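Asker: could you look at this predicted model? Sequence included:
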Amino acid sequence: MTQLPGLLDTEAIRKDFPILDRVLHDGKKLVYLDNAATSQTPRQVIDVLDEYYEQHNANVHRGVHVLAEEATALYEGARDKVAAFINAPSRDEVIFTKNASESLNLVANMLGWADEPYRVDHDTEIVITEMEHHSNIVPWQLLSQRTGAKLKWFGLTDDGRLDLSNIDEVITEKTKIVSFVLVSNILGTLNPVEAIVRRAQEVGALVLIDASQAAPHMPLDVQALQADFVAFTGHKMCGPTGIGVLWGRQELLEDLPPFLGGGEMIETVSMHSSTYAPAPHKFEAGTPPIAQAVGLGAAIDYLSSIGMDKILAHEHAITEYAVKKLTQVPDLRIIGPSTAEDRGAAISFTLGDIHPHDVGQVLDEQGIAVRVGHHCARPVCLRYGIPATTRASFYLYSTPAEVDALVEGLEHVRNFFG
Amino acid sequence: MYQDVILDHYKNPHGRGLRDGDAEVHHVNPTCGDEITLRVKYDGTTISDVSYEGQGCSISQASASVLNELLVGKELADAQKIQETFLELMQSKGKLEPDDAMEEVLEDAVAFAGVSKYPARVKCALLSWMAWKDATAQALGAADAERKTA
């Protein structure tokens, strides 16, 4: 077995993930390389979800009975865990949403309805990048169309990095918000936060960072990032689906208006008007995803018990190995950075003229799960003149043997369609 | 799923390339980015040509090649029957075992029976057939309009 420096004890870790024992298509062992789409769930999280429903299920912040108090304590306890995980100065800065998309849309709508100085309107500009997931493009297109604000973006270099050469023209005195991805879901690129944040701060623009592909894979410190908002989702970091996070600076959350109205987010309500609860509850209308938040808390406990720095080192070793092995496959072109430096563990590629759907299907027949298509980042495919890519993405339980299986699988694909 | 017939059509497509036509359509499959531009040429109600250009997976490309092989030279009514039979097969979710009658109608296209088990790929197989149906409606609609004004 291939030994690489920095690898985790995957033999032990894989025992925590029952699904990784699945056998598919007449005896093919599952090789799960679609972690950028969603990660698998460890027994420790599944147990907490079971226990929640078997022992504590109730609505939160309402009843005075035992179950309601337990459910509330578990839900709010999960908020504490998230706050500690991202080094938030205050637990009240952690808003639970249903996913990263909702977190990003929430910020767009806060700014669309805000008063000065935050308000995005026709004389202002919004800045994103060409490597964003659709969830960090479309909310800003909507806001731009509804307010008349101008939407601008950073382009990409040929090797899959942000082109910041014109940063002073892209981010200007008119810019109200700069929203960009920390680690690209399609290219794997780790973006240079500091340069963008510094320029945004110079012109007084707010900064929103989409950390969906970063929070699961590396230590995340919202204070070190110096952003104003950070969004991510639970299901890519060993948690359940249906739970996302928006972190925002406290004074902003106090100043900005709510978006969704309903129960939970109010202070008092009359038939004419209402006053709102303080953040984070101001932004959590209705019954929240309670079990899912508790599950995310358990996922954070799980990841923290292993150590985010160790997970980062493991994935870096796997990525380095995968990049080396993949570049040896004839006709394979990596779309994105071609080394393991400043990149995450999602690697997109094309294989000659073979369409990614065919690549994915033949890999699936061998038990290998990858993502194919445009990965909800179609502008990236347009930029590089390709209809789609095949993407292999790794996580803390991925092994060098799985990289080898992928490379063998790709040889099989080439022979099949060659 | 990848029958030899499908791979043969993928590697050696029939009638590929755009030629003169009465109507042209462009169809895309947004889930995977398959695209086809397709033209139909009619001689009365006889299909004299179906020409196409596109990009996409082997299933979508092979399906367009099979369509060309099956439909060119056919009467519209016969072609419609083939199209409807193919649609029925592709929507069968893998539960339909093509019988002799179906094989006689579909010829090489029965090779796609296995594709119907994969919901994500059914649209790939149907892309050119939906484009043909659309182009035919436009071409013959235009011809109807010409007759009416003549």
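Answerer: Arrived safely, thanks for sending.

Asker: what is the burial count for the nearest residue to A:Asn99 once chain neighbours are set aside?
Answerer: Sequence neighbours aside, A:Gly244 is the residue nearest to A:Asn99 in space, at 4.1 Å (criterion: CB to CB, 6 or more residues apart in numbering or on different chains). Just so you know, the C-beta spots here come from the backbone N, C-alpha and C atoms, and that holds for glycine as well. A:Gly244 has 28 neighbours, counted by other CB atoms under 10 Å in any protein chain shown.

Asker: okay but A:Gly244 is in contact with A:Lys236, surely?
Answerer: No. Contact criterion CB atoms under 8 Å: A:Gly244 and A:Lys236 do not qualify, at 9.9 Å.

Asker: the residue most central in space within chain B and chain A, how far apart?
Answerer: With distances taken as CA atoms, centre = their mean, B:Trp129 lies nearest the centre of chain B, 3.1 Å away. For B:Trp129, the distance to chain A equals 18 Å [CB to the nearest CB, to the nearest Å].

Asker: distance of that residue from A:Ala205?
Answerer: 50 Å (CB to CB, to the nearest Å).

Asker: ok, now A:Val48?
Answerer: The value you get for A:Val48 to A:Ala205, if CB to CB is used, is 40 Å.

Asker: for A:Asp34, phi and psi?
Answerer: Dihedral pair for A:Asp34: phi -120, psi 40, per degrees, to the nearest 10.

Asker: in the sheet, who's paired with it?
Answerer: A:Ser393 (DSSP bridges).

Asker: pLDDT at it, what is it?
Answerer: Per-residue confidence at A:Asp34 stands at 98 (pLDDT).

Asker: so it makes contact with A:Ser393?
Answerer: Yes. Proximity of A:Asp34 to A:Ser393 meets the contact threshold set by CB under 8 Å, at 6.3 Å.

Asker: comparing these two, which shows the higher neighbour count?
Answerer: Between A:Asp34 and A:Ser393, counted using other CB under 10 Å, A:Ser393 has the larger neighbour count: 29 against 21.

Asker: so how far is chain B from the more buried one?
Answerer: Per CB to the nearest CB, A:Ser393 is found 18 Å from chain B.

Asker: would you confirm that A:Thr319 belongs to a helix?
Answerer: Yes. Judged by DSSP: H, G, I helix; E, B strand; the rest coil, A:Thr319 forms part of a helix.

Asker: give the contact list for it.
Answerer: A:188, A:340, A:343-345, A:347, A:394 (CB atoms under 8 Å, 6 or more residues apart in numbering or on different chains).

Asker: now do B:Glu97
Answerer: Contacts of B:Glu97 by CB under 8 Å, 6+ apart are B:Ala113.

Asker: now it. Its backbone dihedrals?
Answerer: Dihedral angles (degrees, to the nearest 10) for B:Glu97: phi -90, psi 110.

Asker: contact residues of chain A facing chain B?
Answerer: Proximity of chain A to chain B (CB under 8 Å from any CB of the partner chain) is limited to residues A:355-358, A:361-362, A:372-374, A:378, A:381, A:387-388, A:416-417.

Asker: for chain B, what are the low-confidence residue spans?
Answerer: B:142-150 (pLDDT under 70).

Asker: just the helices in it please.
Answerer: Using DSSP state H, the helices of chain B run over B:4-11, B:58-71, B:76-90, B:100-106, B:119-149.

Asker: beyond the helix or strand harbouring A:Glu102, next helix or strand please.
Answerer: Element membership of A:Glu102 [criterion: DSSP states H and E] is helix A:100-113. Scanning forward in sequence from helix A:100-113 by DSSP H and E, the next helix or strand is strand A:125-129.

Asker: quick one: contacts of that following strand?
Answerer: Contacts of strand A:125-129 (CB under 8 Å, 6+ apart): A:120, A:136-137, A:140, A:143-144, A:149-156, A:162, A:170-172, A:174-181, A:191, A:205.

Asker: burial of B:Asp49, as a residue count?
Answerer: B:Asp49, neighbours per other CB under 10 Å, totals 18.

Asker: got the confidence number for the residue in the stretch 101-250 of chain A positioned nearest to chain B?
Answerer: In the stretch 101-250 of chain A, the residue that lies nearest chain B is A:His134 (11.6 Å; CB to the nearest CB). The per-residue pLDDT reported for A:His134 equals 95.

Asker: quick one: contacts for the closest residue to it other than its chain neighbours?
Answerer: Nearest non-adjacent residue to A:His134, counting by CB to CB, 6+ apart: A:Cys376, 4.4 Å away. Counting by CB under 8 Å, 6+ apart, A:Cys376 makes contact with A:133-135, A:185.

Asker: can you do 10 Å?
Answerer: A:37, A:101, A:132-138, A:185-186 (CB atoms under 10 Å, 6 or more residues apart in numbering or on different chains).

Asker: restricted to helices, list those residues.
Answerer: A:101, A:138.

Asker: mind putting the contacts of A:Cys376 into TSV with neighbour count?
Answerer: As requested, the contacts of A:Cys376 are exported to TSV (neighbours: other CB atoms under 10 Å in any protein chain shown):
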residue	neighbour count
A:Ala37	17
A:Ser101	21
A:Glu132	25
A:His133	21
A:His134	15
A:Ser135	22
A:Asn136	27
A:Ile137	21
A:Val138	16
A:Asn185	27
A:Ile186	31
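
Asker: what pairs with the residue of the stretch 201-350 of chain A at minimum distance from chain B across the strands?
Answerer: Relative to chain B, the nearest point of the stretch 201-350 of chain A is A:Thr350 (12.2 Å; CB to the nearest CB). Beta-bridge pairing of A:Thr350 under DSSP bridges involves A:Arg333.

Asker: that one and A:Thr339: what is the separation?
Answerer: 18 Å.

Asker: ok, now A:Ile209?
Answerer: Remark: distance between A:Ile209 and A:Thr339 (CB to CB) = 24 Å.

Asker: more neighbours: those two, which one.
Answerer: Higher neighbour count among A:Ile209 and A:Thr339: A:Ile209, with 27 against 13, using other CB under 10 Å.

Asker: for the helix or strand harbouring that one, packing partners?
Answerer: Using DSSP H and E, the element containing A:Ile209 is strand A:206-210. Under the contact definition 3 or more CB pairs under 10 Å, 6 or more residues apart in numbering or on different chains; DSSP states H and E, strand A:206-210 sits against helix A:100-113, strand A:125-129, strand A:175-181, helix A:193-203, helix A:222-225, strand A:229-233, strand A:244-248.

Asker: ok, which of those comes nearest B:Glu104?
Answerer: helix A:100-113 (49.8 Å; CB to CB).

Asker: packing partners for the closest one?
Answerer: strand A:94-97, helix A:138-147, strand A:175-181, strand A:206-210, strand A:229-233, strand A:244-248, helix A:250-255.

Asker: make CSV out of the ones you listed and add mean pLDDT.
Answerer: Output for these, formatted as CSV (pLDDT from 0 to 100):
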stretch, mean pLDDT
strand A:94-97, 98
helix A:138-147, 98
strand A:175-181, 98
strand A:206-210, 98
strand A:229-233, 98
strand A:244-248, 98
helix A:250-255, 97
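
Asker: save the ones you listed as JSON lines, and put in distance to A:Pro400 too.
Answerer: Shown next, in JSON lines, are the helices and strands packed on helix A:100-113 (distance: least, CB to CB, whole Å):
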{"stretch": "strand A:94-97", "distance to A:Pro400": "36"}
{"stretch": "helix A:138-147", "distance to A:Pro400": "38"}
{"stretch": "strand A:175-181", "distance to A:Pro400": "28"}
{"stretch": "strand A:206-210", "distance to A:Pro400": "30"}
{"stretch": "strand A:229-233", "distance to A:Pro400": "28"}
{"stretch": "strand A:244-248", "distance to A:Pro400": "32"}
{"stretch": "helix A:250-255", "distance to A:Pro400": "44"}
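
Asker: perfect, that will be all.
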